[in-house]
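[1] Output the structure for:
(4 chains)
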Number of protein chains: 2
Amino acid sequence: MEKPKYLMIKDNIKDFIDGQSPNTPIPSEREIANTYNASRMTVRRAIEELVEDGYLYREKNVGTFVADVKMRRKVHSALLEDALKENTNYKILYFNMYFDIKGENDITENLESEPGELFLRIVRLVLDKETPICIEEIYISRKELPNDDISDLNHFLNFDKYIEEGSMSQVFVPMMIPTQYAKLLNMKINTPIIRIDHLISKKNGIPFVFVRSYYNPDKKKIAITM
Amino acid sequence: MEKPKYLMIKDNIKDFIDGQSPNTPIPSEREIANTYNASRMTVRRAIEELVEDGYLYREKNVGTFVADVKMRRKVHSALLEDALKENTNYKILYFNMYFDIKGENDITENLESEPGELFLRIVRLVLDKETPICIEEIYISRKELPNDDISDLNHFLNFDKYIEEGSMSQVFVPMMIPTQYAKLLNMKINTPIIRIDHLISKKNGIPFVFVRSYYNPDKKKIAITM
DNA sequence: CAGTGGTCTAGACCACTTG
DNA sequence: AAGTGGTCTAGACCACTGA
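    Numbering: from 1, shown residues only, chains lettered A, B, ... in the order given. Sure thing, here's the model as predicted:
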């Protein structure tokens, strides 16, 4: 149950550099290793991850430095980002059990369904406090759901574990806001938006859930930093 | 000049799993270490990177397995992707030396310019063979350019080194195709597109170049896998 | 029970930069 | 010459899985 030492060191370094101005050097790896009675390899691992995340950068033969805040990697879906925010809440618009989506071929294709396969389809409005942010159409294969208990909906719609362990692909599609969603998002018709098609797969590559999101560009900036 | 051992092992493992079906186990870390007369930590490093890239996945206490091809991480800009493709070529549309873009505030803001600062502005059409893919508006701060030699344009517009070492943020903006670009991209007016604003910064956080791309969605799918 | 990945140590040598 | 990050070794113990 104990936290690995390298993660403790990582957290401490993160605190240490918090608020420091960019390009400030941090102590050398050997020095940090002494401070924590750790081996240099353990310290390196902690620093390695902070470099990956864009908190630090290294200069060979010179040292390790605090990176600019804007260099921090933010490559994740708005899906996950919103789900973790406190103000976010959801309003379920539709909930179709056993909804057969044969014919809507790009969805079934993504989920690699077999003929006649059944899906759960949920359409929900995502809000930041009272402000509508986007519409999400969620498709989950019936066989991915436990038979018994569908009552705890929020539990199913918690995708972060799958995103972290598995993988997610996102396709960005420009389009006009669908007329039936314009009102819900407080938008005028004929407004160009970005639709994002998310496909979340498990470690073994089996697609798990497909989410199609329609974003109000005025309320949500879609951006990544890598 | 010699290649590190862990990279050699990484390449070998990559070759080894190439074409193997997903979820096939690879030899254990200790076994691979024996094979290459390497320590286990060296092998771990090689495997670590392949896991990061989505070529392998680990199951704790069980083993390491070949990942599905679709799990491979593809989080990079179309900017870079196109630049590395063989069929890609460019047609320069405008080339303004010392172009003052004061007033177009989001660009100067991104490049953190000082009042009166000068920029090089290049507008080019990106083609895949004969097919127009997108328009790129490129802004480079004058002070980032060597005074003497501007002749080798392609050298300047080779951003991969900066993307790899530094960082890049991308903002996705839905909009109608600008009328002046519709013809160049063989598109009808009033077509919704995605504009991507790329800001490439150096390791120390100094912004280096700003690229605004207008994509023809029919010719270029914008997608990432993470 | 043997085998796996996850963590950790205490060294080592290298190429390179900087004072 | 001293210090840095990059690589590498040959061990070790742990918790856990699966036969």
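[2] Is the strand or helix carrying A:R30 positioned near DNA strand D?
    Here A:R30 sits within helix A:29-35, counting by DSSP states H and E. Yes - interface with DNA strand D: helix A:29-35 contributes A:E29, A:R30, A:E31 (CB under 7 Å from any atom of the strand). Every C-beta, even on glycine, is put in place using the N, C-alpha and C of the backbone.
[3] domain assignment for chain A?
    A:5-70, A:78-215 (automatic domain parsing).
[4] Could you dump those into a markdown table and include distance to B:L7 and mean pLDDT?
    A markdown table is the format used below for the domains of chain A (distance: least, CB to CB, whole Å; pLDDT from 0 to 100):
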| stretch | distance to B:L7 | mean pLDDT |
| --- | --- | --- |
| domain A:5-70 | 16 | 96 |
| domain A:78-215 | 24 | 81 |
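[5] Can you redo the ones you listed as CSV, where the extra columns are mean neighbour count?
    Formatted as CSV, these follow (neighbours: other CB atoms under 10 Å in any protein chain shown):
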stretch, mean neighbour count
domain A:5-70, 16
domain A:78-215, 16
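[6] Show me where chain A has its helices.
    Secondary structure of chain A, counting by DSSP state H: helices at A:5-17, A:29-35, A:40-52, A:78-84, A:105-110, A:153-156, A:160-165, A:179-182.
[7] got the contact list for the last one?
    I take that to be helix A:179-182. A:I135, A:M187, A:K188, A:I189, A:T191, A:Y214 (CB atoms under 8 Å, 6 or more residues apart in numbering or on different chains).
[8] follow-up on the earlier one: out of the helices of chain A, nearest to B:R45?
    Of all the helices of chain A, helix A:40-52 sits nearest to B:R45, with 9.9 Å by CB to CB.
[9] now the closest one: how far from the chain's centre is it?
    The chain centre lies 24 Å from the centre of helix A:40-52; the measure is CA atoms, centre = their mean, to the nearest Å.
[10] just the residues of chain A that are near DNA strand D, which are they?
    A:26-31, A:40-41, A:44, A:58-64.
[11] Show me which of the contacts of helix A:179-182 is closest to chain B.
    Distance to chain B, by CB to the nearest CB, is smallest for A:T191 among the contacts of helix A:179-182, at 8.1 Å.
[12] can you name the farthest residue from the center of chain A?
    Outermost residue of chain A with respect to the C-alpha centroid, by CA atoms, centre = their mean, is A:N34; its distance is 36.6 Å.
[13] Let me see the contact set for the residue in chain A positioned nearest to DNA strand D.
    As assessed by CB to the nearest atom of the strand, DNA strand D sits closest to A:S28 within chain A, at 3.2 Å. A:S28 sits next to A:G63, A:T64 when contact means CB under 8 Å, 6+ apart.
[14] at 7 Å instead, please
    A:G63 (CB atoms under 7 Å, 6 or more residues apart in numbering or on different chains).
[15] For it, give its distance to B:N12.
    In this view, A:S28 and B:N12 are 33 Å apart by CB to CB, to the nearest Å.
[16] Kindly report the same for A:R40.
    27 Å.
[17] Not counting its neighbours along the chain, what's nearest A:E112?
    Spatial nearest neighbour of A:E112, chain neighbours left out: A:P207 (5.6 Å); criterion: CB to CB, 6 or more residues apart in numbering or on different chains.
[18] Out of the domains of chain A, which is closest to B:G166?
    Closest approach to B:G166 among the domains of chain A (CB to CB): domain A:5-70, 8.5 Å.
[19] And the domains of chain A: which comes nearest DNA strand C?
    domain A:5-70 (2.9 Å).
[20] how far does that closest one stretch from start to finish?
    End-to-end distance of domain A:5-70: 28 Å, with CA to CA, to the nearest Å as the criterion.
[21] Can that domain be said to contact DNA strand C?
    Yes - counting by CB under 7 Å from any atom of the strand, DNA strand C has neighbours in domain A:5-70: A:5-7, A:37-42, A:45, A:60-62.
[22] In CSV: the residues you listed, plus distance to B:S169.
    Converted to CSV, these look like this (distance: CB to CB, whole Å):
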residue, distance to B:S169
A:K5, 33
A:Y6, 28
A:L7, 27
A:N37, 39
A:A38, 34
A:S39, 36
A:R40, 33
A:M41, 32
A:T42, 32
A:R45, 27
A:K60, 25
A:N61, 29
A:V62, 26
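[23] Pull the most distant pair out of these.
    Largest pairwise distance in the residues of domain A:5-70 next to DNA strand C, by CB to CB, is 27.7 Å, between A:L7 and A:N61.
[24] dump the residue contacts of A:R124.
    A:Y90, A:K91, A:I92, A:L93, A:E136.
[25] one step back: so which of the contacts of helix A:179-182 comes closest to B:P178?
    Distance ranking of those against B:P178, using CB to CB, places A:T191 first at 16.3 Å.
[26] does the closest one really touch A:P174, like I thought?
    No - between A:T191 and A:P174 there is no contact under CB atoms under 7 Å: 11.4 Å.
[27] and for the two, which residues touch both?
    Here A:T191 and A:P174 share no contacting residue, scored by CB under 7 Å, 6+ apart.
[28] Surely A:I47 and A:V66 touch.
    No - with contact defined as CB under 7 Å, A:I47 does not count as touching A:V66 (11.8 Å).
[29] Up against DNA strand C, what does chain A have?
    Where proximity means CB under 7 Å from any atom of the strand, the interface of chain A facing DNA strand C comprises A:4-7, A:37-42, A:45, A:60-62.
[30] repeat that with 10 Å
    Residues of chain A found near DNA strand C (CB under 10 Å from any atom of the strand) are A:2-10, A:29-30, A:33-34, A:36-46, A:59-63.
[31] quick one: A:M168 and B:K70, what's the gap?
    Going from A:M168 to B:K70 by CB to CB gives 11 Å.
[32] typed the wrong thing, it's A:V62
    Taking CB to CB, one finds A:V62 at 40 Å from B:K70.
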